[in-house]
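Participant: Have a look at this fold, sequence not included:
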Ligand SMILES: Nc1ncnc2c1ncn2[C@@H]1O[C@H](COP(=O)(O)OP(=O)(O)OP(=O)(O)O)[C@@H](O)[C@H]1O
């Protein structure tokens, strides 16, 4: 069955002042699919997510969400069109409770009256947060803060979720819980997900497709199985030990 492209990025160029960081980047993500973007430090992964979500303005190319062209729109318009961006460093409002952090994420959808239902599905996804709703978000562990940051993005009922290094600095168990939630979001809620990750091994386990970014260009793309069988990708990003055939 063909996958509907929820996010279609083509010929994207973007950077900072006169520095072009992304040169002609293409990527597509279908409904219910997860695309992992991997690459060395400075490859342009964060810049790519910023350009897609409108935090920086592309100088060329297109960003199309569910058939609607959003290129060059400000970030709040892109968010309202259905794209949630969970940036690096799990930004939560530290003095606000978990419940208030989540409620802020649902602000743009407050008139739908479905806030309570959305919150309970986020608590099913991240059961650790259920007993901590009143706790100030700044007192949570790093992994729990990451869950709040993702939950806040989900409160806006996005069709596309883009995440920047959600595993950074977290214990393996928490990484496992977060990646399991991403698997659930794509399978059960049909979200299209773009996951930028340094932890390529974890990303390969949950991805349907992987893009390798190198100095602002897509150099390889394929399924995790195909890429794990590519010696150069394996040596550069997986560091050996990844099972190239399902066991
Ligand atoms: N605000 C900025 N102003 C100027 N240059 C920037 C800015 N942010 C990033 N860059 C430059 O853009 C390039 C790509 O950075 P980016 O953060 O997108 O890479 P990355 O792949 O996400 O790296 P990392 O894995 O280290 O987070 C780098 O050369 C970086 O120095």
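Facilitator: Nice, thanks for sending it over. Just so it is clear, the structure is predicted and the values come from calculations on it, not from any experiment.

Participant: The host helix or strand of residue 7 and the ligand, are they touching?
Facilitator: Using DSSP states H and E, residue 7 maps to strand 5-16. Yes. Judged by Cβ under 6 Å from any ligand atom, strand 5-16 comes into contact with the ligand through residue 16. Placement of C-beta: from N, CA and C, glycine included.

Participant: list the buried ones in that strand?
Facilitator: Across strand 5-16, burial judged by 16 or more other Cβ atoms under 10 Å covers 5, 6, 7, 8, 9, 12, 13, 14, 15.

Participant: just stretch 20-30 next, same as before
Facilitator: Residues of stretch 20-30 classed as buried: 20, 21, 22, 23, 25, 27, 28, 29, 30 (neighbour count, 16+ other Cβ under 10 Å).

Participant: of those, list those near the ligand.
Facilitator: residue 21.

Participant: What average pLDDT does stretch 105-117 get?
Facilitator: For stretch 105-117, the mean pLDDT works out to 70.

Participant: Could you do stretch 200-212 as well?
Facilitator: For stretch 200-212, mean pLDDT is 93.

Participant: can you check stretch 92-100 too?
Facilitator: Mean predicted lDDT for stretch 92-100 stands at 94.

Participant: do the same with stretch 167-187
Facilitator: In this model, stretch 167-187 has a mean pLDDT of 92.

Participant: outside of it, which residues touch it?
Facilitator: Stretch 167-187 is contacted by residues 32-34, 88-89, 125-126, 128, 141-144, 146-147, 150, 154, 161, 163, 166, 191-193, 195, 197-199, 202, 205-206, 208 when judged by Cβ atoms under 8 Å, 6 or more residues apart in numbering.

Participant: Alright, I will stop here.
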